[in-house]
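Visitor: sharing a model that was predicted from the sequence below.
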Amino acid sequence: MFKNYLKTAWRSILNSKVYSVLNIVGLAIGLSCFLLISLYVMDELSYDRFYPNSERIYRINSDIRFGGADMRMPVTSDMMGELLKKDYPQVEQYTRIYTFNGDKLIRKGNDYIDESKVAHVDSTFFDVFQIPVIAGDTRNALDEPNTVVLTASTAKKYFGTTDVVGKTIEVKDEKNPSFKITAVIKDFPENSHFRFDFLFSMKNVDYQWGQLTSHNFYTYLLLMKGTDYKAFDKNFTTYIDKYVLPQAKQYMNINSMAEFEKAGNKLKYSLIPLTDIHLHSDRQFELSPSGNIQYVYIFSAVALFILLIACINFMNLTTARSANRAKEVGIRKVLGTEKKYLIFQFLTESILMTLLSLTIAVIAVYFVLPLFNNVANKQMALSSLFSPRILPVLITLPVLVGLIAGSYPAFYLSSFRPIEVLKGKLKLGSKSGGLRSILVVFQFATSIILIIGTIVVYKQLHYIQTKDLGYNKNHVLVIDGTGALGNNVQAFKNEVVNMPGVVSGTLSAFLPVANSSRNDNTWSKDAVMNPANSLDMQNWRVDYDYIKTMGMQVVKGRNFSRDYATDSTAVIINETTAKILGYKDPIGKQIYTTAQKRDSMIAYTIIGVVKNFNFETLHRTVGPLALRLSNSPYTASFKINTGNVGALISQIKSKWITMAQGIPFSYRFLDDSFNEMYRAEQRAGTIALIFSVLAIFIASLGLFGLATFIAQQRKKEIGIRKVLGASVQGIVQMLSKDFLKLVTVAFVIAVPVAWYGMSIWLHDFAYRINISWWIFIAAGVAAFLIALITVSFQAIRAAMANPVDSLRIE
C-alpha cells in the first residue's frame, strides 16, 4: 500500500513539473535558511557548556554607581573569592583571572611574537574549569611563580611538539624574563567566552593586594550542588558590610551603606551563570565580545517565518491546483477509496516533496556554510546537524514540515464530493481562495517587517559612522607595543612626527575605542571624601599632544602646555564631570583623589574642560573622565595627512626595525578599531539583509505560481474580454489588483509590528536614530513593486495570448 502511495506521489510530481519545481525550490530555500540559522542559534546557545561542572560555575558581576557615574563590570577585588570561600560553605572553590597586564612578547628564535591571548590565573583555575590535559599535571601547575601552562597549538607553534613540560619560554620582561612550562592543555573551544593560549601564575602579578574597593579581577565561583545562586546573592550585603565598608572608611567619611545609598550611590554584587555570560552579559571589560540574546530571538523567529513562508507557498499552490486533482479525487471516491486514504496519499506527496527539498537544502548548506561562517564570524561545521542531539530533529523535520505544508491541502482535496466533481458543478481554483489570501498576507507582512528591520539596522549603523563623536577617528595610525622600545619610545615618537605626512603624535594607551587601557579612580570635590562629594571616573594618562592628535576640542580653559611646570598636577575634565561637580566655572578649582596606597589625598587643579567624546560604544552615555599628564608609553598614535599611506607605514616600520630589533611591528587605524566595536551589529545587518532577500524571493516564488494558476483558470474569461474589446492594460489591472490589495493589507499589519520590534532594538543604544516615516513607505513601495512585477509578468503574458486559443472547444 505504502509503495503504491509513493509511486502515485512521484507520478503526480512529474505530471506537474512547473508547480513541483516551484514547491521544491521554495521549500529547499526555506529549509536552507532554517538550517543555517539553526546552526547559528545552536552555536550561540552552546557557549561554555562543554565544562563538566558548567551548571555550577558562576562569575561575580559588579554594579557601581558613584557620584553619577555608572559602572557595570565583570570584575571584583582581588580578595573577594577567597573571603567568600572562607565565610560560606556553599562555595566549593573559586578562581581568578587577571588580564590587565596586557599583551606579552614571547621569544621565538631571535624574534619576539606579540601574544594577546594571555592571562594570569590561580592554581585553582583547573579545579573550576576542568580542561583536558595533554601533558603534565594541572593540579599544582601554577602553585609557584614563574610557571606557565600552554595550550596544545601554542606548544606546537613554539616547540613543534606538545612534549614541552619542563622547558622554558622567554618573555620580554625585566622582572620575570623566563617561565617554566608545567603543563599543556587542550585548546579552548571557539564557543568559550574566554580563549587563552598562555596561562601564567597569579603570583607574578605586580599588584597592590588587599584593596577591596578596587575591581580588576575576574572572579569565578564553583558552588556546591543544589545551591540556589539567586539566594546566594543575598550574602553579598553581609560581605559588603563586613569587609568593604571598613576599608572604605579608611579614606572616606562614611558611616554605613545606607548613607552611601542615600547619596544616590550603589554597590551591588551578583552572580551570573557561566552559560549565560556570552548572551546575557555585555559589560565593560568583558573577556571577549559578547553575543546578544536579542539576535538569537530575532534570527530564530526569522528562521521560523521563512520556513512558514515556504510552507504557505506549498499550501497556496496545492489548493489553487485543486481543479487539476478534482476529477482524480472524484473517481477514487466512486471506486471506493476512503477519505483517510486520500488524506494519506496527499500527505505522502507533501512529505516526499519535503524530503527532496531537504536533500537539496543540506547540499546547499554544505556549499554556502563557509560563506555564512565568514559573514557571521563563526566556525560552524555541517556535521553539527548530525550530532546525537540534532539528528532526531533533522529526521523528523521533513515529516513535520510535510504535515504542516500538506495538512490543509490534504483535508481540502479529500473533502470534494464526487457527484459534484464528476458533474462539473464544483467551483474550484480561484474561488476557494479565502485561506490563500490570508496566507499571502502573512507572507508579505513578514517580508515587509524584514525589509523595515534591515533598513533601520543600516540607518543606525550609518548614524554611528557619521555621528560627531567628540574626536576625529579618521587618519589616525595606531602603533601597538611601543612599550618594548623602553627608553627609546620618546625618540621614536619624535622621529615619526618629523616624517613628511605626519601631522602630530601622542603616546598613550588610553584610546576612545575598545581594547584600550582603562583606569577608574574615586575623586572628590573636597580634601575629605564622603558619599555626597565624591564620584568615580575614568582617569586617563596622556601627554601634551594627545588632545591635538585625537582631534578633541577644549571648550573651556586650556590644553596641557610645556610652558607650565604645574601641569604635572593639573587635570582636564570632560563636560559630564563638570556637570556632576556643579561648578559654574570649574577652571582653577581643585579636585582630589587618593594616592596609590590610599594613605593620603592628592590635589589636582582643573585647567580645562574638553568637549564630551564617546570613549565607550554608543550603547552607553558618556561618563565622567579626567585627563592628566603621565607616562603611558605602550601605544603611539599619529595623525597623518598623506596620499601614500603605504609608503609612510614602510618608512615608520624601517625606523622601528632599527630601534626595536626582533620586536614585531604592529599597527592599525583608529577608525578600524572603532568599527570593530560595532561588528556584531554589522554582522546582524548583513545576515538580516540576506535572509530578507531570500524571504521576499520565496514569497515572490509562491506569488508567481499562484498568479500563473489564476491566469490559467481565467483563461476563457480573458479571451472573452479581449474579443469584446478589453485592452491588455485593463486585463493586467484586473488580474493584479486582488494581489496588490493583499500586499496593502500586509503593509498595514506589518508597520506597527516592525515599529515596535525595532524600537526595542534601538533602545539598547544610548545614541540612536528616530524611525522615520519614509522607512515604512520605502518598505511598502518595495513590497508593492515586487508583487506587481511578479504578478504582472504572468498577467501580461495571459493578456497578450490569442483569444482564439482560449475559446477553442476542448
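Guide: Perfect, thanks for sending it. From a predicted model like this one, the values you see are computed outputs, not experimental measurements. Numbers count the residues shown, from 1 in each chain.
Visitor: show me where the stretch 501-650 of the chain has strands.
Guide: Along the stretch 501-650 of the chain, counting by DSSP state E, counting those that start in this stretch, strands occupy 502-507, 520-524, 534-542, 554-557, 570-574, 590-594, 601-610, 625-629, 635-640.
Visitor: tell me what the first one is packed against?
Guide: If you count contacts as 3 or more C-beta pairs under 8 Å, 6 or more residues apart in numbering; DSSP states H and E, strand 502-507 packs onto helix 489-497, helix 546-550, strand 635-640. All C-beta spots, glycine's among them, are computed from the backbone N, C-alpha and C.
Visitor: mean confidence score for stretch 564-573?
Guide: Throughout stretch 564-573, pLDDT has a mean value of 92.
Visitor: then stretch 457-476?
Guide: pLDDT averaged over stretch 457-476 gives 90.
Visitor: now do stretch 648-655
Guide: 93.
Visitor: please point out which parts of that stretch sit buried.
Guide: 648-649, 651-652, 655 (16 or more other C-beta atoms under 10 Å).
Visitor: how many neighbours does Tyr218 have?
Guide: 23 (other C-beta atoms under 10 Å).
Visitor: any chance of the buried residues of stretch 648-655 in TSV, with distance to Leu706 too?
Guide: Formatted as TSV, the buried residues of stretch 648-655 follow (distance: C-beta to C-beta, whole Å):
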residue	distance to Leu706
Leu648	61
Ile649	58
Gln651	65
Ile652	63
Lys655	69
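Visitor: and which of the residues you listed is nearest Ile455?
Guide: The shortest gap between Ile455 and any of the buried residues of stretch 648-655 belongs to Ile649, at 37.4 Å (C-beta to C-beta).
Visitor: separation between that closest one and Asn204?
Guide: Ile649 is 35 Å from Asn204, where distance means C-beta to C-beta, to the nearest Å.
Visitor: one step back: can you lay out the helices and strands packed on strand 502-507 as a markdown table showing distance to Val751, mean pLDDT and mean neighbour count?
Guide: Listed next are the helices and strands packed on strand 502-507 as a markdown table, based on distance: least, C-beta to C-beta, whole Å; pLDDT from 0 to 100; neighbours: other C-beta atoms under 10 Å:
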| stretch | distance to Val751 | mean pLDDT | mean neighbour count |
| --- | --- | --- | --- |
| helix 489-497 | 55 | 93 | 17 |
| helix 546-550 | 42 | 95 | 22 |
| strand 635-640 | 46 | 94 | 23 |
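Visitor: between the ones you listed, which one is nearest to Lys249?
Guide: Using C-beta to C-beta, those put helix 546-550 closest to Lys249, at 36.0 Å.
Visitor: which outside residues touch that closest one?
Guide: Contact with helix 546-550 is made by 471-472, 476, 503-506, 508, 512, 552, 554, 559-560, 572, 610, 613, 627, 637-639, as judged by C-beta atoms under 8 Å, 6 or more residues apart in numbering.
Visitor: now do the strands in the stretch 251-400 of the chain.
Guide: Using DSSP E, counting those that start in this stretch, strands in the stretch 251-400 of the chain cover 266-273.
Visitor: can you say which of the strands of the stretch 501-650 of the chain is packed in most?
Guide: strand 570-574 (a mean of 25; mean count of other C-beta atoms under 10 Å).
Visitor: quick one: it to strand 520-524, angle?
Guide: On the basis of axes from the mean of the first three to the mean of the last three C-alpha atoms, to 10 degrees, strand 570-574 is oriented at 100 degrees to strand 520-524.
Visitor: direction included, what does strand 570-574 pair against?
Guide: Strands that pair with strand 570-574, judged by DSSP bridges, come out as strand 601-610 (parallel), strand 625-629 (antiparallel).
Visitor: nearest to Leu279, out of these?
Guide: Short answer: strand 625-629, nearest of the strands paired with strand 570-574 by C-beta to C-beta, at 29.7 Å.
Visitor: what's the average pLDDT for the closest one?
Guide: Strand 625-629 comes out at a mean pLDDT of 94.
Visitor: all numbers from here: first residue = 46
Guide: Yes, from this point I'll number from 46; that puts the last item at strand 670-674.
Visitor: what's the offset of that strand from the middle of its chain?
Guide: Counting by C-alpha atoms, centre = their mean, to the nearest Å, strand 670-674 is centred 32 Å from the centre of its parent chain.
Visitor: low-confidence ranges in the stretch 746-855 of the chain?
Guide: 753-754, 756-760, 767, 773, 839, 843-844, 846-855 (pLDDT under 70).
Visitor: how far off strand 547-552 does the host helix or strand of Ile702 point, in degrees?
Guide: Per DSSP states H and E: Ile702 is located in helix 690-704. Between helix 690-704 and strand 547-552, the angle comes out at 40 degrees (the same axes, to 10 degrees).
Visitor: how about Ser579: what's its closest non-neighbour residue?
Guide: Ser569 (4.4 Å; C-beta to C-beta, 6 or more residues apart in numbering).
Visitor: pretty sure that neighbour contacts Gln635?
Guide: No: between Ser569 and Gln635 there is no contact under C-beta atoms under 8 Å: 9.9 Å.
Visitor: can you list the strands paired with strand 615-619 in CSV and add distance to Ser781?
Guide: CSV is the format used below for the strands paired with strand 615-619 (distance: least, C-beta to C-beta, whole Å):
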stretch, distance to Ser781
strand 646-655, 61
strand 670-674, 60
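Visitor: ok so, going back, closest to Pro222 out of the strands of the stretch 546-695 of the chain?
Guide: Across the strands of the stretch 546-695 of the chain, Pro222 has its closest neighbour in strand 680-685 (22.9 Å, C-beta to C-beta).
Visitor: ok, that closest one: who's next to it in the sheet?
Guide: Note on strand 680-685: by DSSP bridges, its sheet partners are strand 521-525 (antiparallel), strand 547-552 (antiparallel).
Visitor: any chance of those in CSV, plus distance to Tyr589?
Guide: CSV is the format used below for these (distance: least, C-beta to C-beta, whole Å):
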stretch, distance to Tyr589
strand 521-525, 17
strand 547-552, 8
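Visitor: which one of these lies closest to Ile357?
Guide: When these are ranked by proximity to Ile357, the top entry is strand 521-525, at 51.5 Å, counting by C-beta to C-beta.
Visitor: show me what counts as buried in that closest one.
Guide: In terms of neighbour count (16+ other C-beta under 10 Å), strand 521-525 has its buried residues at 521-525.
Visitor: and the helices in the stretch 296-445 of the chain?
Guide: 302-307, 322-325, 338-365, 367-379, 384-421, 436-459 (DSSP state H, counting those that start in this stretch).
Visitor: weakest of those in terms of mean pLDDT?
Guide: Here the lowest mean pLDDT among these goes to helix 367-379, at a mean of 59.
Visitor: out of the buried residues of stretch 693-700, which is nearest to Phe829?
Guide: Checking the buried residues of stretch 693-700 against Phe829 by C-beta to C-beta gives Ile694 as the nearest, at 50.2 Å.
Visitor: list the contacts for that closest one?
Guide: Counting by C-beta under 8 Å, 6+ apart, Ile694 has contacts 522, 712.
Visitor: how close does it sit to Phe710?
Guide: Using C-beta to C-beta, one gets 9 Å for the distance from Ile694 to Phe710.
Visitor: before we move on, back to that, to Ile805, which of the strands paired with strand 680-685 lies closest?
Guide: Ile805 lies closest, by C-beta to C-beta, to one member of these: strand 521-525, at 34.7 Å.
Visitor: quick one: contacts of that closest one?
Guide: With C-beta under 8 Å, 6+ apart as the contact definition, strand 521-525 has outside contacts at 148, 159, 556, 594-595, 679-685, 690, 693-694, 697, 701, 710-716, 718.
Visitor: so which residue is dead centre in this structure?
Guide: Ala725 (3.7 Å; C-alpha atoms, centre = their mean).
Visitor: give the buried residues for the helix or strand containing it.
Guide: Assigned by DSSP H and E, Ala725 belongs to helix 724-758. For helix 724-758, a neighbour-count test (16+ other C-beta under 10 Å) marks 725-730, 732-737, 739-758 as buried.
Visitor: for Ile179, which non-adjacent residue is closest in space?
Guide: Leaving aside its chain neighbours, Ile179 sits nearest to Val229 (4.6 Å; criterion: C-beta to C-beta, 6+ apart).
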